[in-house]
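Undergrad: below is the structure, and that's it, no one-letter string:
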C-alpha cells in the first residue's frame with residue numbers, strides 16, 4: 001500500500017531551504033548551520049539570506065528574504081532575537097510553510113520570554129506557518145540526506161554518520177549530540193534526529209506520530225524533559241504499536257514528588273513521575289534509566305522480535321559469569337527458566353555433562369569435539385521453556401572458533417530473541433565483531449544485555465495484551481446516576497459514609513452498618529447487625545478519625561455502646577465544632593483478616609486517573625510499597641500490581657496464615673477502576689485503607705473519596721439551591 005503524504009514531509013524532505021542569517025564563520029551558529037548542510041551533501045536547494053553578503057561559503061546569497069527566487073519549503077532562522085519576528089513575517093508573506101528557529105532567549109528565560117514566544121507563534125499562525133523551536137538544534141535526515149542542524153556531532157566525517165532505522169526526538173539540543181555520538185560507537189544508525197527545543201508549536205507528539213508512519217523507521221527513541229500534550233502523545237505511541245514500532249524514552253525527573261497537602265494517603269504516595277511510569281506501562285513505552293540503556297535497548301528492539309516473556313536460557317562458558325548474570329537480573333523482572341527432563345536428557349546426551357543445563361556452562365567439562373558447541377546451541381535455542389536466549393561469554397581459549405560454531409547452531413532458529421554478551425574489551429573485540437556480523441546483537445557488559453532483554457519482554461507483553469484485546473470491567477447499570485445523587489446530597493464534601501455508599505454501588509464490599517443520630521438508633525442498629533460493633537463519629541471536617549479519638553472498636557453490649565456513642569460524638573465536636581457532626585456510624589466489627597491492603601486513586605492533569613495498590617494500614621506510610629497503573633485496568637493489570645509490591649509474600653500465606661484471596665483483591669481493583677473511569681470528571685482521590693482481605697473475600701474497613709475542586713464547588717452550588 002502506498003504511503004499517504006504527511007504534512008511534515010516537506011519539513012524532513014524539503015526541495016529548498018532558506019538559511020536566514022547565514023554566515024561564513026564556522027564557529028558561530030549561523031556559519032555552522034550552512035557549513036554542515038554543505039559538508040554532508042544535503043539534497044536540497046540551499047538559499048542563504050544575509051543583507052551584507054553576495055556569496056556565503058561559496059553559495060550565492062540573497063540580501064533580503066523577498067529576493068529569494070522561490071518559496072522555500074523550510075527556513076532555518078539563525079539571526080539575533082530582535083530580527084526573528086521580522087523574518088517570520090516576511091517568510092509568512094511568501095507562503096513558507098515551515099521555520100526552524102534556532103535562536104534562544106524565549107520561554108526558557110522566564111515570563112517575558114514566554115510572552116515573546118507566544119507572539120512568535122501567533123505571527124506564524126496568521127500565515128499558516130509551522131514552527132520548530134525556538135531554542136533548538138534543528139533536524140537531521142540521514143535518509144535523503146538533509147542536514148538542517150548545527151549539532152556538534154556533525155563535525156564527524158560524512159562517512160562516519162551511520163544511516164539506520166532508529167529515529168530520535170530530543171527536547172534537549174545538547175543531549176541530542178551526545179546521545180547520537182554514543183550511539184555510533186555501538187554501531188547504531190539513525191534515520192532521523194531532531195531537537196524540538198521549546199516546542200512552542202510543533203512538539204514531541206507531532207514528530208512521534210510522523211515517525212510512527214515513517215517507512216524508514218523501526219524504533220523511536222526520545223530524551224524528554226516534559227510532556228506538553230499527553231493525550232496526543234499517547235495516541236501517537238499507540239499508533240506506533242499499530243505500525244509494529246517500539247518507543248524507548250529517557251525522561252528526566254526521577255526524584256521524589258513534592259509532598260502534597262492532602263487528606264488522602266494516595267495523594268502523597270503518587271506524583272508526576274509515578275504517573276509517567278504508569279502511562280509507560282499502559283501504553284507499552286520502554287522507559288530506560290540511562291542514556292546508555294536507551295541506545296543499547298534500541299539496538300536490540302530494531303533487530304529482535306518481541307519476547308513472549310522474561311524466562312531466560314543462559315548459554316555460557318563460565319559458572320562465575322552465570323552467577324553474575326543471575327544476580328543482576330533480579331530487579332529487572334527476568335528469571336532463569338526452569339527446564340524439564342526432556343531438555344536435560346537431550347543436553348546430557350550432547351554434552352556428556354550432568355544436569356542442570358540452564359545456565360549451560362558449555363566448557364565445564366572436557367569437550368569430546370568442538371562441534372558439540374554447535375549441536376548444543378542448536379538444541380538450546382529450540383527449548384520451549386526459554387522466552388529469550390542470552391549467550392554469555394568471557395575471555396576464553398576457544399574464542400577464535402566459538403563464534404562460528406555458535407552461529408552455525410543458531411541457523412534456522414525459532415522466532416525468539418537471541419542476545420550475546422561477550423565480557424571484556426580489546427581481547428574480545430574480534431569474537432564480538434564476528435557475532436554482530438552474524439546478525440546477533442552483542443554487548444560487552446551484562447547490564448546492557450539485561451536491559452535489552454527486559455525491553456524485549458515488556459514490548460512482547462504489551463503486544464500480547466493488544467492481541468488479546470483490552471477488556472475492562474464496566475460500571476453497573478445505574479451506578480453513575482446514584483453516585484452523582486450521593487455527591488449532590490452532601491454538597492460535594494464526602495465523608496466515610498457517603499464514600500462507602502459510592503464504593504458499594506460499584507461492587508466494592510463494605511461492612512453492614514448505618515449512620516444514626518441518637519443512642520436509641522445506635523442500639524437498634526447494633527441489635528439488627530449483631531455485636532460486636534464499631535462506632536465512628538462522622539464529619540467531613542474530621543478526616544483522620546482515629547487520631548481525633550472518634551473511633552470506638554469492639555463494642556460488645558448496650559452499656560459500652562452508650563458510652564462509646566457519647567465519646568466519639570464529643571471527639572468530633574471538640575475538634576470541628578458542634579455543627580460539624582453529621583452522625584455516628586454503627587458498623588459490624590470485621591473479623592481479623594489475613595492481610596490489610598490499600599486501594600486508591602488520584603487524578604493528574606489533564607485527564608488521567610491513577611490506580612494505586614499496596615500493603616494497607618500503617619505499612620503503606622512506613623514502607624511506601626505500592627504499585628501504580630492508569631485506569632482503566634484489565635485483569636492482567638490488577639494481577640501484575642499485586643505481584644509488583646515487595647510485601648507480596650505477606651499475601652501468599654505467612655507464619656501459618658492462609659493466603660489472602662487474590663481474586664477478591666483483583667475484583668476490588670477492577671471495581672475501583674470502573675468507578676474512577678465512570679466518574680472521571682468528578683473524582684479527585686479515593687483512599688480505601690485498609691481493605692481487609694480474608695481467605696475468601698475482602699471488605700473495605702475505611703474509605704474516603706475526595707472530589708476534584710471544580711466539581712466539589714459545582715455540587716455545593718447545587719445543594720445550596
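TA: Structure's in. What do you need? Given the structure is predicted, the values throughout are model-derived calculations rather than measurements.

Undergrad: which elements pack onto the strand or helix carrying residue 584?
TA: Applying DSSP states H and E as the criterion places residue 584 in strand 583-588. When contacts are defined as 3 or more C-beta pairs under 8 Å, 6 or more residues apart in numbering; DSSP states H and E, strand 583-588 packs onto helix 496-505, strand 513-516, helix 519-529, strand 533-538, helix 558-576. All C-beta spots, glycine's among them, are computed from the backbone N, C-alpha and C.

Undergrad: just put those in TSV and tack on distance to residue 84 and mean pLDDT.
TA: Output for those, formatted as TSV (distance: least, C-beta to C-beta, whole Å; pLDDT from 0 to 100):
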stretch	distance to residue 84	mean pLDDT
helix 496-505	54	97
strand 513-516	65	96
helix 519-529	73	96
strand 533-538	61	96
helix 558-576	58	94
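
Undergrad: okay, these in a markdown table with distance to residue 142 and mean neighbour count next?
TA: As requested, the helices and strands packed on strand 583-588 are exported to a markdown table (distance: least, C-beta to C-beta, whole Å; neighbours: other C-beta atoms under 10 Å):
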| stretch | distance to residue 142 | mean neighbour count |
| --- | --- | --- |
| helix 496-505 | 55 | 22 |
| strand 513-516 | 68 | 19 |
| helix 519-529 | 73 | 17 |
| strand 533-538 | 66 | 25 |
| helix 558-576 | 66 | 18 |
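
Undergrad: could I get the ones you listed as a markdown table with distance to residue 466?
TA: Shown next, in a markdown table, are these (distance: least, C-beta to C-beta, whole Å):
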| stretch | distance to residue 466 |
| --- | --- |
| helix 496-505 | 31 |
| strand 513-516 | 43 |
| helix 519-529 | 47 |
| strand 533-538 | 45 |
| helix 558-576 | 50 |
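
Undergrad: about what we covered before: the helix or strand that comes right after the strand holding residue 584 to helix 496-505, inter-axis angle?
TA: Scanning forward in sequence from strand 583-588 by DSSP H and E, the next helix or strand is strand 595-604. Here strand 595-604 runs at an angle of 90 degrees relative to helix 496-505 (axes from the mean of the first three to the mean of the last three C-alpha atoms, to 10 degrees).

Undergrad: strand 595-604 pairs with which strands?
TA: Strand pairing for strand 595-604, using DSSP bridges, gives strand 608-615 (antiparallel), strand 683-693 (antiparallel).

Undergrad: adding distance to residue 513, write these out as JSON lines.
TA: As requested, the strands paired with strand 595-604 are exported to JSON lines (distance: least, C-beta to C-beta, whole Å):
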{"stretch": "strand 608-615", "distance to residue 513": "25"}
{"stretch": "strand 683-693", "distance to residue 513": "14"}
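
Undergrad: tabulate the ones you listed (TSV), appending mean neighbour count.
TA: Formatted as TSV, the strands paired with strand 595-604 follow (neighbours: other C-beta atoms under 10 Å):
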stretch	mean neighbour count
strand 608-615	26
strand 683-693	25
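
Undergrad: in TSV, list those strands along with mean pLDDT and distance to residue 20.
TA: Formatted as TSV, those follow (pLDDT from 0 to 100; distance: least, C-beta to C-beta, whole Å):
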stretch	mean pLDDT	distance to residue 20
strand 608-615	93	41
strand 683-693	95	49
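
Undergrad: run through this protein and note the low-pLDDT ranges.
TA: Along the chain, segments meeting pLDDT under 70 span 1-3, 255-271, 366, 617-622, 713-721.

Undergrad: can you give the domain ranges for it?
TA: 9-298, 306-468, 512-588, 595-720 (automatic domain parsing).

Undergrad: to residue 478, which of those lies closest?
TA: Counting by C-beta to C-beta, residue 478 lies closest to domain 595-720 out of the domains of the chain; the figure is 11.0 Å.

Undergrad: got phi/psi on the residue lying closest to residue 493 once chain neighbours are set aside?
TA: Using C-beta to C-beta, 6 or more residues apart in numbering and skipping the chain neighbours, the partner closest in space to residue 493 is residue 540 (4.0 Å). The phi/psi pair for residue 540 (degrees, to the nearest 10) reads phi -70, psi -10.

Undergrad: wait, residue 540 touches residue 492, no?
TA: No: the pair residue 540 / residue 492 is not scored as a contact, 9.4 Å apart, by C-beta atoms under 8 Å.
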